[in-house]
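**Student:** Coordinates for the following, if possible.
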Amino acid sequence: MKQTEQETVLRYDPDSATWIGWTDIAGQARGWKQCGWPVEVFGTGRDGKPRSWEARGVPQDRVIFRRITKKV
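**Tutor:** All right, here's what the predicted structure looks like:
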C-alpha cells in the first residue's frame, strides 16, 4: 500500500543548538542513520512495525539548507 501523504519535519532547538528530526518515511530515516544521526523508532503501527522515526540532538552543523530559487 502506497501512502499518498508522507511527512518529514526538522525543528531547531536554540537552547541546545541542535536539530530534532521526525519522519514517517522509512527511506529518510535510513538516510539519516547513514549520515550518523541518532535515529530511533518514534511510533509503531498496530502490527508492531515501525511507522515513524525521530532523531534528537543532531548537531547544528550537520544540517545544511539550500537556497530556494524560482523556477525559470
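**Student:** dump the residue contacts of Ser52.
**Tutor:** With contacts defined as Cβ atoms under 8 Å, 6 or more residues apart in numbering, the neighbours of Ser52 are Trp22, Thr23, Asp24, Val41, Phe42, Gly43. For every residue, glycine as well, the C-beta is placed using N, CA and C.
**Student:** ok, the first one touching Arg56?
**Tutor:** No. Counting by Cβ atoms under 8 Å, Trp22 does not reach Arg56; the two are 9.4 Å apart.
**Student:** helix or strand for His16, which one?
**Tutor:** Quick fix: residue 16 is Ser, not His. Using DSSP states H and E, Ser16 sits in no helix or strand.
**Student:** Who are the contact partners of it?
**Tutor:** Gly57.
**Student:** quick one: strands adjacent to the longest strand anywhere in the chain?
**Tutor:** Longest strand in the chain, counting residues (DSSP state E): strand 50-59. Paired neighbours of strand 50-59 in the sheet (DSSP bridges): strand 18-23 (antiparallel), strand 39-44 (antiparallel).
**Student:** Surely Arg56 is in contact with Leu10?
**Tutor:** No. Contact criterion Cβ under 8 Å: Arg56 and Leu10 do not qualify, at 11.6 Å.
**Student:** so where's this protein uncertain?
**Tutor:** 1-3 (pLDDT under 70).
**Student:** hmm, 50 instead?
**Tutor:** Nowhere does the chain drop to pLDDT under 50.
**Student:** Number of residues surrounding Val41?
**Tutor:** Using other Cβ atoms under 10 Å, Val41 has 12 neighbouring residues.
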